[in-house]
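Novice: model this:
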Amino acid sequence: MMTRQFITLIILMLCGLTARGQQVLSFENPTRDFGTIREADGPVSHTFTGVNRSDKPLVILDVVTSCGCTVPRFSKQPILPGGKTEITVTYDPANRPGIFNKDLTVYSSERKKIATLTVQGSVTPRPKSLEELYPIDAGGGLRLTTTLNAFAYLYPGHPVQGAIGYVNDSRRTIRLELRPTAASGLLRTEAPTTIAPGERGSINVSYLIPAEQPRYGTVRDAQEIFVDGRSNGTALVTHGIGVDPRPAPDAAAPRSEYSVQILKFGPVKHSASIRKLPVMLSNTGNAELIVRAVEGKGEVATTFAPGLRIAPGETFRGEVLFDPRTQEYGVMSEHLVVITNDPVRPMRRIRVTAIIEE
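Specialist: Okay, here's the model as predicted:
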């Protein structure tokens, strides 16, 4: 009896292996290695030929790629049993230097995965033009890699640094001047006053919040660029978010939990009175939670305020207030930014929307 059961089990296992090993749509070589290709030569293509190994007609519903750089072309005509079909795959190496390995998943009209194709290779990058390397025209022959240095969190006593590349694309020496239009008092900038023809370098910016003088919330600086005393309006912007120092790994810490991330007031008459919606802020940590800063554009008001303290396990019921009489008709969208001493997620955004009607 045991022997018969064992033989039956082996037969069932072999049948399962055979079923799994036989693909519905079979490709003799499902992988195409393009080898080394040059970015300058443009896209490359390969046609895969598949055979319907099932006993019924097969329709390809879709071929899903893992990257927009890989584009398949295929027919949705039924493939008879034993019939063949072609899938042409084109890979675009533009701005994608180095090794690539892209999978394409083939799905049948029954929404089942029936095959996987792969294209791979290596791209030799083409030489970049000066305009590509330095896309920002700051005027007077000065070109920049970017105009933005966006730092994440700024911790007291911990400096952060960034760099903006430049090149003088003119045939003369130019004079560079950076004039502040918004100043935090914390930014340090290192930039040349003159730049020779063809010279390349970097404008270095850094922030350091003093450990004994913490700064909470948005820290932002803007500097308008003047070349030989003239400006085309280009400005360098640097910003970050000032937060509390990181606590020790084993130290007690607060944890902020908000009841909502989006507040929708919906349609509101322009003549209506002030509207209110609640927002719950809970402290699920094991240390006191402190609100450090609350920021917004001024479209709405809130009862959350700097200095608000919430004990571990407690919840504060805040409100967001909206006066439609001060708004223009149409859609209103605002982001409230709340900074706390939560070491994991110090900054949280609450989006507030409304539709102002007559």
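Novice: what's the closest non-adjacent residue to S108?
Specialist: Once flanking residues are discounted, S108 sits nearest to I114: 4.9 Å by C-beta to C-beta, 6 or more residues apart in numbering. To be clear about C-beta, it is placed using only N, CA and C from the backbone, and glycine gets the same treatment.
Novice: one more: D137?
Specialist: R143 (5.9 Å).
Novice: hmm, back to that, how near is the residue nearest to S108 to L148?
Specialist: Per C-beta to C-beta, to the nearest Å, I114 is found 46 Å from L148.
Novice: give me the more crowded residue out of those two.
Specialist: A direct count of neighbours by other C-beta atoms under 10 Å for I114 and L148 places I114 higher, at 21 against 12.
Novice: parallel or antiparallel, which strands does the strand or helix carrying that one pair with?
Specialist: Per DSSP states H and E, I114 falls inside strand 113-124. Here strand 113-124 has these sheet partners by DSSP bridges: strand 31-38 (parallel), strand 98-108 (antiparallel).
Novice: got the buried residues for the first one?
Specialist: So that's strand 31-38. Within strand 31-38, the residues scored as buried using 16 or more other C-beta atoms under 10 Å are R32, F34, I37.
Novice: check stretch 246-259 too.
Specialist: Buried residues in stretch 246-259, counted by 16+ other C-beta under 10 Å: A253, P254, R255, S256.
Novice: okay, now the domains of the chain?
Specialist: Listed domain ranges for the chain are 20-124, 130-242, 256-357 (source: automatic domain parsing).
Novice: show the end-to-end separation of the last one, please.
Specialist: In domain 256-357, first residue to last residue: 35 Å (C-alpha to C-alpha, to the nearest Å).
Novice: how far away from the center of its chain is it?
Specialist: In this view, domain 256-357 has its centroid 24 Å away from the chain centroid, taken as C-alpha atoms, centre = their mean, to the nearest Å.
Novice: cool, and the first one?
Specialist: Its chain's average C-alpha position is 28 Å from that of domain 20-124, according to C-alpha atoms, centre = their mean.
Novice: before we move on, what about the longest one?
Specialist: If you compare the mean C-alpha spot of domain 130-242 with that of the full chain, they lie 23 Å apart, counting by C-alpha atoms, centre = their mean.
Novice: residue numbering should commence at 648 henceforth.
Specialist: Understood, numbering begins at 648; the last thing we discussed is domain 777-889.
Novice: quick check: mean pLDDT across that domain?
Specialist: The average pLDDT for domain 777-889 rounds to 97.
Novice: next one: stretch 898-913
Specialist: 96.
Novice: what's in contact with it?
Specialist: Residues outside stretch 898-913 that contact it (C-beta atoms under 8 Å, 6 or more residues apart in numbering) are 894, 922, 924-937, 957, 959, 967, 969, 985, 987-992, 995-1002.
Novice: again, 6 Å this time
Specialist: Residues external to stretch 898-913 that are found in contact with it (C-beta atoms under 6 Å, 6 or more residues apart in numbering): 894, 922, 924, 926-934, 936, 967, 969, 987, 989-990, 995, 998-1001.
Novice: chain center to that stretch: distance?
Specialist: In this view, stretch 898-913 has its centroid 22 Å away from the chain centroid, taken as C-alpha atoms, centre = their mean.
Novice: how long is it from one end to the other?
Specialist: Distance across stretch 898-913, first residue to last, is 43 Å (C-alpha to C-alpha).
Novice: can you pull out the helices in the stretch 648-797 of the chain?
Specialist: Along the stretch 648-797 of the chain, counting by DSSP state H, counting those that start in this stretch, helices occupy 649-668, 777-780.
Novice: mean confidence for the longest one?
Specialist: Average pLDDT, helix 649-668: 44.
Novice: then stretch 675-688?
Specialist: pLDDT averaged over stretch 675-688 gives 96.
Novice: ok, stretch 724-735 next?
Specialist: The average pLDDT for stretch 724-735 rounds to 96.
Novice: just stretch 957-977 next, same as before
Specialist: Throughout stretch 957-977, pLDDT has a mean value of 96.
Novice: what comes up buried for that stretch?
Specialist: Buried residues in stretch 957-977, counted by 16+ other C-beta under 10 Å: I957, P959, F963, G965, V967, F969, P971, Q974.
Novice: out of the residues you listed, name the ones that lie in strands.
Specialist: With DSSP state E as the criterion, strands contain I957, F963, G965, V967, F969 from among those.
Novice: tell me the one of the residues you listed nearest V915?
Specialist: Among those, F969 lies closest to V915 (C-beta to C-beta), at 7.6 Å.
Novice: contacting residues for that closest one?
Specialist: Residues in contact with F969 (C-beta under 6 Å, 6+ apart) are F912, R922, V947.
Novice: and these, which is closest to T735?
Specialist: If you rank the contacts of F969 by distance to T735 using C-beta to C-beta, F912 comes first, at 51.5 Å.
Novice: partner strands of the helix or strand where the closest one lies, with direction?
Specialist: Assigned by DSSP H and E, F912 belongs to strand 909-916. Using DSSP bridges, the strands paired with strand 909-916 are strand 994-1004 (parallel).
Novice: only the buried residues of the strand it pairs with, if you could.
Specialist: Buried positions in strand 994-1004, judged by neighbour count with 16+ other C-beta under 10 Å: M994, R995, I997, V999, A1001, I1003.
Novice: alright, I will stop here.
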